[in-house]
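Chemist: Fold the following, please.
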Amino acid sequence: MDLEFNKNEDHLKLKVVEMEKKLRQIYLGGGKKRIEKQHAQGKLTARERIDFLKDDKEPFYELGAFAGDDMYAEEGGCPAGGVVMGITRVSGRLCLVVANDATVKAGAWFPITAKKNLRAQEISMENHLPIIYLVDSAGVYLPMQDEVFPDKEHFGRIFRNNSIMSSMGITQIAAVMGSCVAGGAYLPILSDEALIVDKTASIFLAGSYLVKAAIGEEIDNETLGGAETHCEISGVTDYRCADDKDCLTRIRFIMDKLGNSQDAGFSRVEAEEPKRPIADVYGIMPTSRDKPYEVKELLKCLCDNSEFQEYKEAYGKTIVCAYARIDGWAVGIVANQRKIVKSKKGEMQFGGVIYSDSADKAARFIMNCNQKKIPLVFLQDVTGFMVGSRSEQGGIIKDGAKMVNAVSNSVVPKITIITGNSYGAGNYAMCGKAYDPRFIYAWPTAQIAVMGGAQAAKTLLQIQKATAKGKGQEYSQEEEDALLKKIGDRYAKQMTPYYAASRLWVDEVIDPAQTRAYISVSLEAANRAPIEKAFNPGILQT
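Modeler: The predicted model follows:
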């Protein structure tokens, strides 16, 4: 390996170490003291419950771990959004698990908690994945109730989704393992089966204090909504469990009996490891996002046997389109090429920029994958569409619209990996969050914004200077430099993958060496949901 490769490798591995350090802190939830308190109550933590529930030696693909990261500082923070979710196997069945973390504000719902739970249900509905709720929550976080309760994408949408999922035949199992209060009490009852842990769990619309205040009745919480009440008197719950482990074991027993459902029929054969090791991605990605690299070398690390068949190889070279297999799954790959290339007319084209020819090629390739029922994998490292008179006269808007149209109307699953830049309309055309990827992941090297940091900071500075000038104010060079740094630092923070992940613009920030595994489990999940409508190419027909 050359010196440049080694520098790249060290740089990216340090970013992965930084990511893992952040994750270790997030995994502590509300902190060691609150974990100890939960143990003293005879309860497992959210992550301990999931670890006991899932099959031995099976990975847990956590999603949304960075939700709420660096948010709600005045409220004491909300690690992982106060809820742990991800994909794993339970009794051999791929499913989604959602577990309230009672160490974080007693599992109360912040705005990001609601958003994360809704994303979990969206994943379940899109992929027909069974979902298991491990409930332990004090309900809506009252100081922020106006941001959690009344709107379309707030708390109440969860129970609407429970009902829709039931009509879709998606298995929902709810285990009440702690508090289940007020509107949240509907979740287990809108699920197919509900379990409750004796003595440590309760379900009620109003707790004993509120009952006393509302109607003057004096009653303790256990009598009001404990396991005995709901399993022997109200019939609200189906199974009374001795403790957390008994409850989780019963869920495994239920999951073992699920029948098979029709799948989408995506092609999969026996997987082959890439000839080029996946770990080489560390050395391929340059230390600076301004440096070019060969994206096909990344594909050799991701594709089975390092093989792929490129579509229109000599045309539209700033996007690479290729058929391949990843962990045995047939995929169509759409990847931004980051090195400088020559166009069909012999003109030099900047890497990472989408030109008319590459947009046209990608649109047609996406259409072909839809006709062949081949899932799409987007590798994003894009600075946007080409600008300037030559591009405008060449119809860049029309060709870009065709690509956006193809992405929007695609009916096969789309998996997006943001490896580097994700700027402007390039984010859209390469299947950013707004274009309904089944799953979207980011590497620690990702940056997501309307434009690059340096350009944005200078633009914002010019706007601020013009505003000041209109008021008769002038900045000195020192003031201008300080303002530029302040604007640049703020914008740079907003571009990081963690800023995006904290707001669930991406499902997870992942170690690049885990990319094949995340793509594979995402495709396995997507294969559970048959394609129910035909691809309509819209303006591509003209």
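
Chemist: in the stretch 51-200 of the chain, which spans are helices?
Modeler: 111-127, 156-167, 186-190 (DSSP state H, counting those that start in this stretch).

Chemist: for this protein, longest helix please?
Modeler: Determined from DSSP state H, the single longest helix within the chain is helix 3-27.

Chemist: Name the nearest residue to Glu147, sequence neighbours excluded.
Modeler: In space, and not counting its chain neighbours, Glu147 is closest to Pro111: 4.4 Å by Cβ to Cβ, 6 or more residues apart in numbering. C-beta coordinates here come from the backbone N, C-alpha and C atoms, glycine included.

Chemist: Am I right that that neighbour is in contact with Asp146?
Modeler: No: taking contacts as Cβ atoms under 8 Å, Pro111 lies outside contact range of Asp146: 9.5 Å.

Chemist: Which one's more surrounded, these two?
Modeler: Taking other Cβ atoms under 10 Å, Pro111 and Asp146 do not tie; Pro111 has more neighbours (24 against 11).

Chemist: just to revisit the earlier point, which outside residues touch the longest helix of the chain?
Modeler: Contacts to helix 3-27, defined as Cβ atoms under 8 Å, 6 or more residues apart in numbering, come from residues 1, 47, 65-66, 69, 79-80, 281-287, 444-445, 498, 509, 511-513.

Chemist: which element follows it toward the C-terminus?
Modeler: helix 32-40 (DSSP states H and E).

Chemist: So which elements touch that following helix?
Modeler: Helix 32-40 sits against no helix or strand, with contacts defined as 3 or more Cβ pairs under 8 Å, 6 or more residues apart in numbering; DSSP states H and E.

Chemist: CA atoms only for it, dumped as CSV, please.
Modeler: Output in CSV follows, covering the C-alpha atoms of helix 32-40 (Å, rounded to 0.1, in the frame of the first residue of the first chain):
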residue,chain,number,x,y,z
LYS,A,32,-24.8,4.6,35.5
LYS,A,33,-26.8,5.6,38.6
ARG,A,34,-30.1,5.4,36.8
ILE,A,35,-29.1,2.0,35.3
GLU,A,36,-28.3,0.8,38.9
LYS,A,37,-31.7,2.1,40.0
GLN,A,38,-33.4,0.1,37.3
HIS,A,39,-31.6,-3.0,38.3
ALA,A,40,-32.5,-2.5,41.9
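
Chemist: so where's this protein uncertain?
Modeler: Across the chain, the ranges flagged by pLDDT under 70 are 1, 183, 344, 393, 452-454, 456-457, 538-542.

Chemist: which residue lies farthest from the center of it?
Modeler: Ranking residues of the chain by C-alpha distance from their mean position (Cα atoms, centre = their mean) puts Gly472 at the top, at 47.1 Å.

Chemist: what about it, which SS state?
Modeler: coil (DSSP: H, G, I helix; E, B strand; the rest coil).

Chemist: Now for it: which residues touch it?
Modeler: Counted by Cβ under 8 Å, 6+ apart, Gly472 has zero contacts.

Chemist: go on, Asp304?
Modeler: Ala271, Glu272, Glu273, Pro274, Ala324, Arg325, Ile326, Asp327, Gly328 are the contacts of Asp304 under Cβ under 8 Å, 6+ apart.

Chemist: repeat that with 7 Å
Modeler: Asp304 is in contact with Ala271, Glu272, Pro274, Arg325, Ile326, Asp327, Gly328, counting by Cβ atoms under 7 Å, 6 or more residues apart in numbering.

Chemist: what does Ser356 give?
Modeler: Per Cβ under 7 Å, 6+ apart, neighbours of Ser356: Ser391, Gly394, Gly395, Ile396, Asp399.

Chemist: Just the element for the closest residue in space to it that isn't next to it in sequence, please.
Modeler: Nearest residue to Ser356, sequence neighbours excluded (Cβ to Cβ, 6+ apart): Asp399, at 4.2 Å. In the assignment (DSSP H and E), Asp399 maps to helix 396-409.
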